[in-house]
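Asker: Fold the following.
(chains A and B)
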Amino acid sequence: MSALPRREIVLFSGLAVLVALVFAWMGAAYGTRMLVEASCYAIIGLGLTIQWGYAGLFNVGIMGFIALAAFVSLFVTYPVNGAFWDSDMPGQLGWALAAVAIGAAAVYAASQTHRLGLPKKWRTLLTLIVLAIAYLWAQSIFDPATAQIERGAGWIGGLGLPVWLGWAAGGAAAGALGWAMGRITLGLRADYMAIATLGISEIVKAFLKNADWLTRGTLTVSPIPWPVPTPQEIGFVASRAAYLSVTALLILAIFVLLQRAWHSPWGRMMRAIRDNEVSAAAMGKDVNRRRLEMFVLGNVIIGIGGAALVTFTSIFDPSAFVPLNHTFLIWVMVILGGAGNNLGTVFGVVLVYIIWTMSEPAALFLFQQGAYWSNELFGWQAPSDLATRALQMRVFVIGLTITLVLRFAPNGLLPEKPVKYE
Amino acid sequence: MEAGFLAALPAQELVFFINRGLLAGLIIGSVYALGAVGVTLIFGILRFAHFAHGDMMTIGAFVALICVALFSGGESNLGLPAAFVLMPLAMAATAFIAIGVDRAFYAPLRRAKVRPVVIVMSSIGVMLMMQGLVRLFAGTGTWQLEAGGAKTIYRLPLLGRDIILTQPQALLIGFTAVAAIALHLFLTRSRMGKAMRAVSDNPDLARVSGISIDSVVRATWVIAGALAAAAGTLLALDVTLKPDLAFNIVLPIFAAAIVGGIGQPYGAIAGGMLVGFTETFAVFNWSVLLRPLQPFLPDFIDIPNRIAFVPTEYKIVVPFFILIVVLIWRPTGIFRGRVVK
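Answerer: The predicted model follows:
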């Protein structure tokens, strides 16, 4: 492998200067916090660059996958809730889950009756009737059980297992959800995938927000256990630096694996599918299966990154997963940095995240100055909710950046490099 | 006999069902239908999912608010809400905005022949910009489109009870019906309507037979923008006007367009109604209708207080559920839309 070209060196040294400036202005505690968050976003960004840069899949539901992964990670790692396990509630919940399973089995059996010679029309009708009955029956068992949990123990608590296991489980859950979604939408046009991913993420968030017995809903859960000593034990800077080393190791591992995969025959096949689906299919590649592979792999990585991010913030609040702003913050990071180029993705993530966190004080400052001067010069009275309005400008800037980048620099700052074979 | 039958009918429950079930479904279905027509036309002719459609509705409603403030000072005219009388202005303005957005953001990408999904992403960028602008100028609070205060309420007596419909709701249902008929006449009788259908079916064939794609695209944006503005204004008249008015309904609108079949305006109207009714009936408390049967049932069957398919807080899930079911079993939609590959 040859030395890094000039473009990368220039861009990354600029980035290092920027990070150093943030450290100098805002202090080491703030700077490390920003870097940890940026590193978690970098993991998410690497997952997204697999989906978009490698495979051309448009995933709008990132927040849903992150929320699911964060919840699963929380469930695995949070300390055990004795009030729940010592009562008779686990048995009831188990019976309720069994009821759901029996209902699902009945529906599946009804949907297979055509094998017994039932005409298709009757099969569909029978399936629908069984579905309705099974649904109402399972609901009638499930609801009292969950209501009792909410009254008694509050919620079911966690399993108290190590954090790394939680992150892995979170990634696996996000991947499993991605698999189910991919099975439905990957055969269709990309637009459907966008709509369906957005829809699924809304469903996941609605569920996590309202299932109080499982997630405590809007009451939020904190503190989530950390993989490293917490700030209370060794101070902010040290604990955040330790956390950063964990996420940096994760990024390194994912990065190296992705680079290897990208240069392997597998990566070549993926590019072939992305660039010319028809000829790849003509070469005998199973396009949809490969895409499903990409989608699931990307979601696993997004899930791990999301679990790491929420673990770092140490509070699980289902209503905090704002659907679009953060989703498209990640999108801007990936397409600005250069989709399909792992180094470019990491660069874009860190750059955009610095701009994003710094833009809050900057926007407030600009708007206050603007209000002050327009008041001085024209006697115009600024509205009282100026601060919230100023922050809305950041949404506008994300949107403008997306449209401008897509139009004028569709390959990003560090474009994907064509791989050459000797 | 007749009178006896009527007397046996549970009037209160039936009227409750009409008010909270049928009419509520019709109202929200009308909003979805108006939006879905625009989405399906854009999808059929320009071939991308226009995510900014919901915010185009919000912008249309805010334009109507500005028109009301400028021209009527909040007074009602002709016994109708000022916003409804001035709605044509808002529709025209939103149509112009839609054409401008297309020129500035989508047309360059189309000329560059990018993949359709890139235009979808650009439309999400436009959506975020619109959201940012609306919140910047209007704040995040709520606005009242109807300054006059109380809405006129129509009461239609039925079996000794009243079927209740507010004036904005009646206007919404009426406007949707008129718009559906006008759209039908336009698409089947006028030259431009036929050209639009031709482009939707086969753009290359349409181009070689002398149809100007540019004017078809412009007409598409005019119709989509005008209907979006109307839907936004009427919805804001019915409820309140707030900046995130439309975000919660953009996904049901997509569901309606896909359920109806992409590129099928009639399908979009049917799909909008289907999604609206399903959503309403899914959260409707059916035990209200079943309770009158209690005396006729054996004692061991006890009708619970609440029988709803979906708890109210999961209402937003229903359109997606319909969408996914349709995508699995019939991806072309109920009206056989375009092949979606």
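Asker: Pull the distance from the lowest-mean-pLDDT helix or strand in chain A to the chain's centre.
Answerer: Least confident helix or strand of chain A, by mean pLDDT, DSSP states H and E, is helix A:82-85 with a mean of 72. Centroid separation for helix A:82-85 versus its chain: 31 Å, with CA atoms, centre = their mean, to the nearest Å.
Asker: List the buried residues of it.
Answerer: Buried residues in helix A:82-85, counted by 16 or more other CB atoms under 10 Å in any protein chain shown: A:Phe84. C-beta here means a position set from N, CA and C on the backbone, and glycine is covered the same way.
Asker: again with stretch A:138-157
Answerer: By neighbour count on 16+ other CB under 10 Å, the buried set for stretch A:138-157 is A:138-139, A:141-142, A:145-146, A:148-150, A:153, A:155-157.
Asker: could those go into TSV alongside distance to A:Ser245?
Answerer: Output for the buried residues of stretch A:138-157, formatted as TSV (distance: CB to CB, whole Å):
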residue	distance to A:Ser245
A:Ala138	46
A:Gln139	47
A:Ile141	47
A:Phe142	43
A:Ala145	43
A:Thr146	40
A:Gln148	44
A:Ile149	39
A:Glu150	40
A:Ala153	37
A:Trp155	33
A:Ile156	33
A:Gly157	30
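Asker: what bits of chain A have low per-residue confidence?
Answerer: A:1-4, A:322-325, A:379-388, A:419-422 (pLDDT under 70).
Asker: what about the most centrally placed residue in it, is that helix, strand or coil?
Answerer: For chain A, the residue nearest the mean C-alpha position is A:Ile66 (3.2 Å; CA atoms, centre = their mean). Classification of A:Ile66 using DSSP: H, G, I helix; E, B strand; the rest coil returns helix.
Asker: who are the neighbours in contact with it?
Answerer: Applying CB atoms under 8 Å, 6 or more residues apart in numbering or on different chains, we find A:Ile66 in contact with A:Ile44, A:Ala174, A:Ile302, A:Gly303, A:Gly305, A:Gly306, A:Leu309, A:Val310, A:Phe321.
Asker: Summarise which helices and strands the longest helix along chain A is packed against.
Answerer: If you go by DSSP state H, chain A has its longest helix at helix A:342-378. If contacts are counted by 3 or more CB pairs under 8 Å, 6 or more residues apart in numbering or on different chains; DSSP states H and E, helix A:342-378 sits against helix A:6-26, helix A:28-49, helix A:236-262, helix A:323-337, helix A:386-408.
Asker: I'd like to know which elements the fourth one is packed against.
Answerer: Looking back up the chat, that one is helix A:323-337. helix A:28-49, helix A:62-77, helix A:190-210, helix A:342-378, helix A:386-408, helix B:116-138.
Asker: buried ones in the longest one?
Answerer: Going by neighbour count (16+ other CB under 10 Å), the buried part of helix A:342-378 is A:342-359, A:363, A:367, A:371.
Asker: Please apply the same query to stretch A:159-178.
Answerer: Residues of stretch A:159-178 classed as buried by neighbour count (16+ other CB under 10 Å): A:159, A:163, A:166-178.
Asker: Filter those residues down to the ones in strands?
Answerer: Using DSSP state E, the subset of the buried residues of stretch A:159-178 located in strands is empty.
Asker: for those, which one is nearest chain B?
Answerer: Among the buried residues of stretch A:159-178, A:Leu177 lies closest to chain B (CB to the nearest CB), at 12.7 Å.
Asker: Excluding chain neighbours, give the residue nearest to that closest one in space.
Answerer: Counting by CB to CB, 6 or more residues apart in numbering or on different chains, A:Leu68 is the residue found nearest to A:Leu177 once chain neighbours are left out, at 5.9 Å.
Asker: In this structure that neighbour contacts A:Val204, no?
Answerer: Yes - the criterion here is CB atoms under 8 Å, and A:Leu68 meets it with A:Val204 at 5.2 Å.
Asker: what do these two both touch?
Answerer: Going by CB under 8 Å, 6+ apart, residues that sit against A:Leu68 and also against A:Val204 are A:Leu177.
Asker: So between the two, which is more surrounded?
Answerer: It is A:Leu68, of A:Leu68 and A:Val204, that has more neighbours when counted by other CB atoms under 10 Å in any protein chain shown, with 28 against 23.
Asker: got a list of what that one touches?
Answerer: Listed by CB under 8 Å, 6+ apart, the contact set of A:Leu68 reads A:Gly170, A:Ala173, A:Ala174, A:Leu177, A:Val204, A:Leu208, A:Gly303.
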